[in-house]
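Colleague: Have a look at this fold, sequence not included:
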């Protein structure tokens, strides 16, 4: 069985220029789309905490990001920050902020159960 990631419009049409992505591991969340400053950011995360951020053609916008943890929630885009970024939490409640250039900031606000909400 092939484990490829395909890019589609909401209408079900394939994104032009998108080549299927393989070797991404087991993806644990659906592909997320964000548009920031006129650029598209397509995010996926696997079960090892590797984050891939693609453009609309399926090219990596930044090198793969290794969070090395199990992500709990889909990312949210913080476009109000001085530098826009993507934010999520892991199963222990640690908050991860990933900048558009792939820089990672980690904040621990205390121990939370895997059932926490973000």
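Modeller: Thanks, I have the structure now. What you see is a predicted model, and the numbers here were worked out from it, not measured in a lab.

Colleague: quick one: the residue most central in space within the chain and residue 13, what's the gap?
Modeller: Nearest to the geometric centre of the chain sits residue 43, at 3.4 Å (Cα atoms, centre = their mean). Residue 43 sits 21 Å away from residue 13, going by Cβ to Cβ, to the nearest Å. Bear in mind the C-beta positions are built from the backbone N, C-alpha and C, glycine included.

Colleague: returning to that earlier point: tell me the bridge partners for the residue nearest to the centre of the chain.
Modeller: Taking DSSP bridges, one finds residue 32, residue 53 as the beta-bridge partners of residue 43.

Colleague: That one reaches residue 32, doesn't it?
Modeller: Yes. In terms of Cβ atoms under 8 Å, residue 43 counts as a neighbour of residue 32; the distance is 4.6 Å.

Colleague: Give me the common contacts of those two.
Modeller: residue 75 (Cβ atoms under 8 Å, 6 or more residues apart in numbering).

Colleague: where does residue 56 land on pLDDT?
Modeller: The score at residue 56 is 89. That number is its pLDDT.

Colleague: mind listing the strands for this protein?
Modeller: With DSSP state E applied, the chain shows strands at 32-36, 39-45, 50-54, 65-66, 76-78, 85-89, 95-99, 104-107, listed in chain order.

Colleague: where does the protein dip in pLDDT?
Modeller: Low-confidence regions of the chain, defined here as pLDDT under 70, cover residues 1-2, 112-118.

Colleague: Might one say that residue 65 is in contact with residue 102?
Modeller: Yes. Checked against Cβ under 8 Å, the pair residue 65 and residue 102 is within contact range at 5.4 Å.

Colleague: Mind listing the shared neighbours of those two?
Modeller: With Cβ under 8 Å, 6+ apart applied, the overlap between the contact sets of residue 65 and residue 102 consists of residue 53.
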